[in-house]
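Q: my questions are about this predicted structure, shown below with the sequence.
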Amino acid sequence: MSDHPLKALIESADRSISAKDFDSLMRFYTDDATLVVKAGMYAKGKDQIRKAFEAISAHFQGKLKVRQGRMEVIEGGDTALVIMETWLDAVDESGIATS
């Protein structure tokens, strides 16, 4: 994984997601931020982003753990594009951990 300074921020955000601490998670987003959930699906602004994370957590029945794989940071001016592998670990209905 990259040693870029954004790594620590992303890992902290991941801990907030895993802990379902959406108040802390919102510190990482600006009021006009956009979260790309998947191609063609995005949330714009803190309210929609929070609702998206709450829905994702509910989908995984609150048992979601987030971690990062490979990460690439592309910077230009005061903007950084972070491209990364995100791993979602969860427990299924039978109690078996999945990734």
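A: Cool, the structure landed.
Q: please count neighbours and contacts with C-alpha atoms only from this point.
A: Will do.
Q: who's in contact with the closest residue to Q68 other than its chain neighbours?
A: Excluding its sequence neighbours, the residue lying closest to Q68 (C-alpha to C-alpha, 6 or more residues apart in numbering) is T86, at 4.6 Å. Contacts for T86 (C-alpha atoms under 8 Å, 6 or more residues apart in numbering) come out as 66-69.
Q: against K44, how distant is T86?
A: Look at T86 and K44: by C-alpha to C-alpha, to the nearest Å, they are 20 Å apart.
Q: list of residues touching the host helix or strand of G69?
A: Using DSSP states H and E, G69 maps to strand 65-76. Contacts with strand 65-76, where a contact means C-alpha under 8 Å, 6+ apart, come from 1-2, 4, 11, 14-15, 17-18, 80-90.
Q: pull out the buried positions in stretch 39-49.
A: Neighbour-count burial for stretch 39-49, counted by 16 or more other C-alpha atoms under 10 Å, picks out 43, 46, 49.
Q: look up how far E72 lies from the second one.
A: To tie it back to what came earlier, the one meant is K46. 24 Å.
Q: before we move on, the earlier item: are any of the contacts of T86 buried, and if so which?
A: Using 16+ other C-alpha under 10 Å, the buried ones in the contacts of T86 are 66-67.
Q: could you dump the contacts of T86 into a markdown table and include distance to L25 and pLDDT?
A: A markdown table is the format used below for the contacts of T86 (distance: C-alpha to C-alpha, whole Å; pLDDT from 0 to 100):
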| residue | distance to L25 | pLDDT |
| --- | --- | --- |
| V66 | 13 | 92 |
| R67 | 15 | 89 |
| Q68 | 16 | 89 |
| G69 | 20 | 90 |
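Q: spatially nearest residue to the residue positioned nearest the centre of the chain, not counting backbone neighbours?
A: Geometric centre of the chain, nearest residue: D14, 5.8 Å, by C-alpha atoms, centre = their mean. Nearest non-adjacent residue to D14, counting by C-alpha to C-alpha, 6+ apart: V66, 5.5 Å away.
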